[in-house]
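> Compute the structure for the input listed below.
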Amino acid sequence: MLVHNAAVFSRTPVRETSPAAWDAVFAVNLRGPFLLTRALLQLLRKGRGDAGVLFLGDANAFELWPGYLPYCLSKLAVPPLAAGLRKALPPGVRVGVVRPGLVLPPEGFSAERWERLRAEKAGRRGIRTPEGVARAVLRFARPGPYNP
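The predicted structure follows:
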């Protein structure tokens, strides 16, 4: 099983986002997972029906947070990437996406601000704890159907 968990989540306000900063976010959050999946395709094919590729998305990326626009856009592209790979990879390779919600605060957020934001978004979808994310990953790791 291949789990794409690495991500760049740095504050990138529009006026301060250089082309290099933009490219760095997309390189880690989207390009890297695609290329790594492609590089490991031979190994995944040997899984005989129990191989899997799992992406960690972001349930709140659609909010397009102004200070994190490259991150949000890259995470919005993760589900379509997974859907495309689901069609392109051999039938024995499962592909899924786990979409955590507000799990960990961005760097520099005060505890009070973080809890206020979590309270505002309490009714939204998305896993809200690191343990919940781990449970979702382990559920995908079990052979059989997975409902992304």
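
> buried stuff in the host helix or strand of Arg38?
Of the helices and strands defined by DSSP states H and E, Arg38 is found in helix 32-39. Buried positions in helix 32-39, judged by neighbour count with 16 or more other Cβ atoms under 10 Å: 33, 37. In this view, the C-beta of every residue, glycine as well, is placed from N, C-alpha and C.

> helices or strands up against it?
Packed against helix 32-39 by the contact rule (3 or more Cβ pairs under 8 Å, 6 or more residues apart in numbering; DSSP states H and E) you find strand 2-4, helix 78-88.

> Give me whichever of these is most buried.
With neighbours taken as mean count of other Cβ atoms under 10 Å, the helices and strands packed on helix 32-39 reach their highest mean count in strand 2-4, at a mean of 19.

> Who are the packing partners of that strand?
Using 3+ Cβ pairs under 8 Å, 6+ apart: strand 2-4 touches helix 32-39, strand 51-56.

> swap the cut-off to 10 Å and go again
Contact partners of strand 2-4 among helices and strands, from 3 or more Cβ pairs under 10 Å, 6 or more residues apart in numbering; DSSP states H and E: helix 32-39, helix 41-45, strand 51-56, helix 78-88, strand 93-98, helix 130-141.

> For Arg116, which of the ones you listed is the nearest?
helix 130-141 (20.3 Å; Cβ to Cβ).

> Tell me the buried residues in the closest one?
Quick answer for helix 130-141 (16+ other Cβ under 10 Å): 133, 136-137, 140.

> isn't Phe140 right up against Val98?
Yes. Using Cβ atoms under 10 Å, Phe140 is in contact with Val98, at 7.0 Å.
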